[in-house]
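> no letters, just coordinates:
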């Protein structure tokens, strides 16, 4: 297992809480991005190669998860309520690679490597269909000390990137996968995409 690293950033990437937990427990190493409706640039762009994973609870849909993962949404919701004023940041990520995908066939080949259905993947790909879907391969670290932060108004809405509180910067985390486990998954994903 690699050594602890310091989270030397205040940037956060928002995703469904169930996806954040899948990343944080090593079930997957990828996220898919086209950009939120409220993105300043109207499409997705990597704003930082190091960032915290910010869990979003509002728009999670069980039918867009594979059956074996649908119950995980209820687990995440047990930690959250609509009026809650805080959320807990538990994970930090380092971008390993940003792979652009344009073909549905290639995307469907990635199905064994994530928790979502092909319908979810296809909807992401088809939205703003002239733009590629970004498949981000992430090295994820579990924070030694999770931090509960206030939910600011700017964290709400369909936006990928947010500035997190400065208190997060400098927290230490350990990798959720060993170097060998992580690289094996990277190679499996890249090999799968190369076959498409």
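Thanks, I have it. Computed from a predicted structure; not experimentally measured.
> CA only for contacts and neighbour counts going forward, please
Will do.
> can you name every helix or strand that the helix ranked longest in the chain contacts?
For the chain, the helix with the greatest residue count under DSSP state H is helix 179-195. Under the contact definition 3 or more CA pairs under 8 Å, 6 or more residues apart in numbering; DSSP states H and E, helix 179-195 sits against helix 104-109.
> what lies in contact with the helix it packs on?
Here helix 104-109 makes contact (CA atoms under 8 Å, 6 or more residues apart in numbering) with 101, 118, 121, 122, 125, 192, 193, 195, 196.
> equivalent analysis for stretch 167-174, please.
Residues contacting stretch 167-174 (CA under 8 Å, 6+ apart): 2-10, 91-92, 141-145, 147.
> number of nearby residues for the closest residue to residue 118 other than its chain neighbours?
Counting by CA to CA, 6 or more residues apart in numbering, residue 118 lies nearest to residue 108, which is 6.1 Å off, once chain neighbours are set aside. Residues lying near residue 108 (other CA atoms under 10 Å) number 17.
> how about the strands in this structure?
Secondary structure of the chain (DSSP state E): strands at 5-6, 11-16, 30-33, 50-56, 86-101, 133-150, 161-163, 172-175.
> and the ones you listed, which is most packed in?
Of all the strands of the chain, strand 50-56 carries the top mean neighbour count, a mean of 25, counting by mean count of other CA atoms under 10 Å.
> and it, what does it pack onto?
Counting contacts by 3+ CA pairs under 8 Å, 6+ apart, strand 50-56 packs against strand 11-16, helix 17-24, strand 86-101.
> 6 Å - rerun?
For strand 50-56, the elements it packs on are strand 11-16, strand 86-101, judged by 3 or more CA pairs under 6 Å, 6 or more residues apart in numbering; DSSP states H and E.
> what's the pLDDT at residue 3?
Residue 3 carries a pLDDT value of 64.
> just the one 10 residues further on next, same as before
Residue-level confidence at residue 13 comes out at 92, pLDDT.
> from here on, count from 15
Right, with 15 as the first residue, what we last looked at is residue 27.
> is it in contact with residue 67, as I believe?
Yes. If you go by CA atoms under 6 Å, residue 27 and residue 67 touch, sitting 5.2 Å apart.
> please name the nearest non-neighbouring residue to the residue of the chain positioned farthest from its centre.
Distance from the C-alpha centroid of the chain peaks at residue 209, with 24.5 Å (CA atoms, centre = their mean). Using CA to CA, 6+ apart and skipping the chain neighbours, the partner closest in space to residue 209 is residue 120 (7.9 Å).
> run a quick neighbour tally on that neighbour.
Neighbour tally, residue 120, other CA under 10 Å: 15.
> could you measure from it over to residue 153?
Applying CA to CA, to the nearest Å, the value for residue 120 to residue 153 is 22 Å.
> equivalent analysis for residue 46, please.
Residue 46 is 15 Å from residue 153, by CA to CA.
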